[in-house]
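# Sharing a sequence plus its predicted fold:
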Amino acid sequence: MYVISNKIRLCLFALIMSFCTSTTVSGVTIFFSHDDLSEFFMVWLSSTIKSWPLVFLLIIFFVPIINRFLDKYFIIENDKNI
């Protein structure tokens, strides 16, 4: 295990989450919206490269806001069995 700051953790989370989200959404959208799937990989790759930075920035922006909102209205139950 490595010790990292919350900012580094947020960036790592955003990097991984944005990659997973943009590749999946791009792939599913292209699969269902294009009749000719012969160039699926190139269209998907191009779409992912365009969307990944945007999704990364949106996650960096929204995750802290959503966490503050949830912290304001909910208390996390400490469950020692997890």
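The structure has been received and is ready for your questions.
# Contact partners for W44?
23, 26-27, 30 (Cβ atoms under 8 Å, 6 or more residues apart in numbering). C-betas here are computed from N, CA, C, even on glycine.
# Identify those among those that sit within helices.
Taking DSSP state H, the ones among these that sit in helices are 23, 26-27, 30.
# out of those, which are buried?
With burial judged by 16 or more other Cβ atoms under 10 Å, the buried subset of the ones in helices among the contacts of W44 is 23, 26-27, 30.
# hey, where'd the helices end up in the chain?
Using DSSP H, helices in the chain cover 6-33, 40-73.
# could those helices be laid out in a markdown table, adding mean pLDDT?
Formatted as a markdown table, those follow (pLDDT from 0 to 100):
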| stretch | mean pLDDT |
| --- | --- |
| helix 6-33 | 94 |
| helix 40-73 | 94 |
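# from the contacts of W44, which single one is nearest E77?
Nearest to E77 out of the contacts of W44 is T23 (Cβ to Cβ; 33.6 Å).
# any idea how far S47 is from that closest one?
Going from T23 to S47 by Cβ to Cβ, to the nearest Å gives 9 Å.
# circling back: just name the closest of the contacts of W44 to F56, please.
Using Cβ to Cβ, these come closest to F56 at T23, 12.3 Å.
# With that, I have no additional questions.
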